[in-house]
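Student: attaching a predicted model along with its sequence, questions to come.
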Number of protein chains: 2
Amino acid sequence: MVLYVIGLGLADENDITLKGFHAVKSSERIYLESYTSILMVPGFKERLETLYQKPVILAHRETVELEAESILQGAATSNIAFLVVGDPLSATTHTDLILRAKQSSPPIPVQIIHNASIMTAIGSSGLAGYNFGQTVSVPFWSDDWKPDSWLERIGENLNIGLHTLALSDIKVREQSPEDMSRGILRYQAPRYMLIPQLISQIIQAAASHGADYLQPQSTLAISLCRMGSSDERIVSGTLQELLDLANPSQEEAHADQAEDDADEMASEADLDKRRAARAEERAKRAFGEPLHSLVIVGRRLHPLERDYAANYACPGSRFLEVANHVYGCKE
Amino acid sequence: MVLYVIGLGLADENDITLKGFHAVKSSERIYLESYTSILMVPGFKERLETLYQKPVILAHRETVELEAESILQGAATSNIAFLVVGDPLSATTHTDLILRAKQSSPPIPVQIIHNASIMTAIGSSGLAGYNFGQTVSVPFWSDDWKPDSWLERIGENLNIGLHTLALSDIKVREQSPEDMSRGILRYQAPRYMLIPQLISQIIQAAASHGADYLQPQSTLAISLCRMGSSDERIVSGTLQELLDLANPSQEEAHADQAEDDADEMASEADLDKRRAARAEERAKRAFGEPLHSLVIVGRRLHPLERDYAANYACPGSRFLEVANHVYGCKE
């Protein structure tokens, strides 16, 4: 029969295509890949099961890599559906499973059912897909591990005038270093990089490499958050303007300081945790819940792109001024 | 109410999402944009009407630009659906309609419902979306008009090791120069550029610019035809190998020659037409019906990408040899 590899699209269970839905209904077993992407609605697996009226099996990275045989088992006599959030082949993650199916004896036919991904949703920024260069992923930095090879990629794009889609890191099913060293299999709460951290890492990386193609005050960017969901949020401005959106108000800063000063028993680690929690709350107030992505605008900005993206400019933004005078966007 | 701008996905009426389908069902008027994209199934409008159980209005370029007001009319009290093949915002084509809706008084809320486009379907080649640079469109050349600014874009991508998606031109609702000069509004049959012409223009452009980054024998490419449809066809090889797939066999070449020689009454124009028809037939035999797109593979080819794409190599192809020794793809 057929191995269906089905994209679920951007946001919720209703983003599957009719074709994908029919394929699911015809399948004997349904797997949901649950490691590369976030599911933007709570209880997603249960919502799928309600929609499909069938059980859905979660497939973690370990399952797919180690149990490919069991996933493919029975595919000679019945259809199998493998569901992936977004488009199923935007990364090469699943090519292994597909190759195994094709190389089975006898070969299992594979049908890919494509769907929207963040790579198509970038159109909502008003920027044309044609003007994007390579996409980069920006990983979480820690105190002693700050990989920044993605900066050079952004530079390559900017150098030829192209926009860059920067995807922010997500950490799901991550173990703490302590648990790992003790051999305890326990996962930490999922972490999603938000726009302020993403921009802040970009600015730091650019500064530490003396990369003059990226300037907080004169590089334009567009944040794309929860694309395709009913609370999607798009904001445009300079990098610095977007970063400042998550700053506390003066009153909040005073209240924070007062709270920290009052708590004499708090250790430095406690204070750090509290500051991180406040920053996260303000990032979500400014940009909404994850997932967050950012487009860094290239010089080849077209007036039509500019005019559409300007609709999303944050209050007081210099978006148009920078587009016209720094980018040289002429009408 | 809402203006829904809905992507129909890649191939047929069942590629709409459940969300898009529900939006259509809730709409009072349904427009189908019919100018930037080809509909891959015959009678597409009627198939949509059968699926939706509602009439669908074709919206040509003239309609959308001149009659935006009439499209948006009534949106204050009922939903309007505007359907676009692929993803609705992969080009900036529809931003004008969307901006008008947002700037109406009172503003008409707009909801974009994304879908797969050729930009996501590239994943079926086995190449990772991350490793693609800018996309180019290659227009039909005529005897006296051979625009080739897209070559430089391909060069920019190749220069930093990136893959390029090259979209082939389509001409729908095109008038002949004769009709135009006589003021007759009559459209020619639609024309779709096929892989051999696309590759041949690429090779000619590279030769005429002395572009050494593009070599027929040592530049790898992957043809993507009718992506997402049940007869999608993917073929990989060098540019020359793909071009040669549409060559006539020796016997066919002899038969062609004999046919042309026998027809002493045929004018040079008749012979040209006949040759073009044969070339088209052989191009379709090798690659299938339109739409055709081509990926030009960049140096940053990863072994996982190589191994997947090699599955689509044409018979006798040097794909792996070139990947390993020219591209330096190491495992």
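Tutor: Thanks, I have the structure now.

Student: in stretch A:318-325, which residues are buried?
Tutor: A:318, A:319, A:320, A:322, A:323 (16 or more other Cβ atoms under 10 Å in any protein chain shown). Heads up, the C-betas are built off the backbone N, CA and C, glycines and all.

Student: summarise which helices and strands the strand or helix carrying the last one is packed against.
Tutor: Right, the one you point to is residue A:323. Using DSSP states H and E, residue A:323 falls within helix A:319-325. On a contact count with 3 or more Cβ pairs under 8 Å, 6 or more residues apart in numbering or on different chains; DSSP states H and E, helix A:319-325 meets strand A:220-225, strand A:233-238, helix A:303-310.

Student: deepest of those, which one?
Tutor: strand A:220-225 (a mean of 27; mean count of other Cβ atoms under 10 Å in any protein chain shown).

Student: partners of that one, with directions?
Tutor: strand A:233-238 (antiparallel), strand A:292-296 (antiparallel) (DSSP bridges).

Student: does chain B sit close to stretch A:164-181?
Tutor: No - Stretch A:164-181 lies apart from chain B when judged by Cβ under 8 Å from any Cβ of the partner chain; the minimum separation is 9.0 Å.

Student: show me what counts as buried in that stretch.
Tutor: Within stretch A:164-181, the residues scored as buried using 16+ other Cβ under 10 Å are A:164, A:165, A:166, A:167, A:168, A:170, A:172.

Student: which residues touch residue A:223?
Tutor: Residue A:223 makes contacts with A:195, A:233, A:234, A:235, A:236, A:242, A:287, A:292, A:293, A:294, A:295, as judged by Cβ atoms under 8 Å, 6 or more residues apart in numbering or on different chains.

Student: can you lay out those residues as JSON lines showing distance to residue B:142?
Tutor: Shown next, in JSON lines, are those (distance: Cβ to Cβ, whole Å):
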{"residue": "A:195", "distance to residue B:142": "48"}
{"residue": "A:233", "distance to residue B:142": "47"}
{"residue": "A:234", "distance to residue B:142": "41"}
{"residue": "A:235", "distance to residue B:142": "45"}
{"residue": "A:236", "distance to residue B:142": "40"}
{"residue": "A:242", "distance to residue B:142": "46"}
{"residue": "A:287", "distance to residue B:142": "49"}
{"residue": "A:292", "distance to residue B:142": "47"}
{"residue": "A:293", "distance to residue B:142": "41"}
{"residue": "A:294", "distance to residue B:142": "42"}
{"residue": "A:295", "distance to residue B:142": "37"}
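
Student: nearest to residue A:180, of the residues you listed?
Tutor: Nearest to residue A:180 out of the contacts of residue A:223 is residue A:292 (Cβ to Cβ; 27.3 Å).

Student: the closest one: neighbour count?
Tutor: When neighbours are counted by other Cβ atoms under 10 Å in any protein chain shown, residue A:292 registers 27.

Student: does it touch residue A:169 like I think?
Tutor: No - contact criterion Cβ atoms under 8 Å: residue A:292 and residue A:169 do not qualify, at 10.2 Å.

Student: quickly list what's touching both of these two.
Tutor: Common contacts of residue A:292 and residue A:169 (Cβ under 8 Å, 6+ apart): A:192, A:193.

Student: since that was my last question, I'll sign off now.
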